[in-house]
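1. Got a sequence here, can you model it:
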Amino acid sequence: MRVLIQRVRKASVTVDGKVMGSIGHGLVILAGIGQTDTIEDVKWMADKCIHLRIFENKEGKFHYSLADVKGEILAVSQFTLFGDCRKGRRPSFSNVAEPEKAENFYNQYVNMLRDRGIRVETGVFGAMMQLEIHNDGPVSIWIDSGEKSF
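-> Residues are numbered from 1 along each chain as shown. Here you go, the predicted model:
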């Protein structure tokens, strides 16, 4: 599983001109599911995203997590995170999970975040979406569960 996390002051996602979800202070998480991902990758990623210390203390150091600051999450599915651009000029998406698996794991990921007491808004899986993101910092972090260590 791959995510791109952006710390935001506020964000929203729109589908067909209708706002599907919006948050205040927190994280926008663009999430992609790969062919080889397991439910253990999803669990690991949910825990990592909630407890990643990327919110600043008074000294400007990354010290607080989303849980600490009681932030919100806007989670958006994004298969293009698995785009492989090593060869040619067009990304290959051969490592993306099949849509049924990806939607199932994405929904489980969102539910795991909510089960930990986080307010989570989402877009619509598989839809063309427009995001409005007001970055805070900006702070953007890339996490790949295939590169995790314990």
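
2. can we go C-alpha only for contacts and neighbour counts from here?
-> Noted.

3. Okay, buried residues for stretch 113-124 please.
-> Going by neighbour count (16 or more other Cα atoms under 10 Å), the buried part of stretch 113-124 is 113, 118-123.

4. how many neighbours does residue 44 have?
-> 15 (other Cα atoms under 10 Å).

5. Next up, the contacts around it.
-> Neighbouring residues of residue 44 by Cα atoms under 8 Å, 6 or more residues apart in numbering: residue 145.

6. SS state for it?
-> Recorded secondary structure, residue 44: helix (DSSP: H, G, I helix; E, B strand; the rest coil).

7. please begin residue numbering at 537 from this point
-> OK, 537 is where the count begins now, so the last one is residue 580.

8. can you tell me which residues contact the most centrally placed residue in the chain?
-> Centroid check for the chain by Cα atoms, centre = their mean gives residue 565 as the closest residue, at 2.3 Å. By Cα under 8 Å, 6+ apart, residue 565 lies in contact with 539-542, 609-612.
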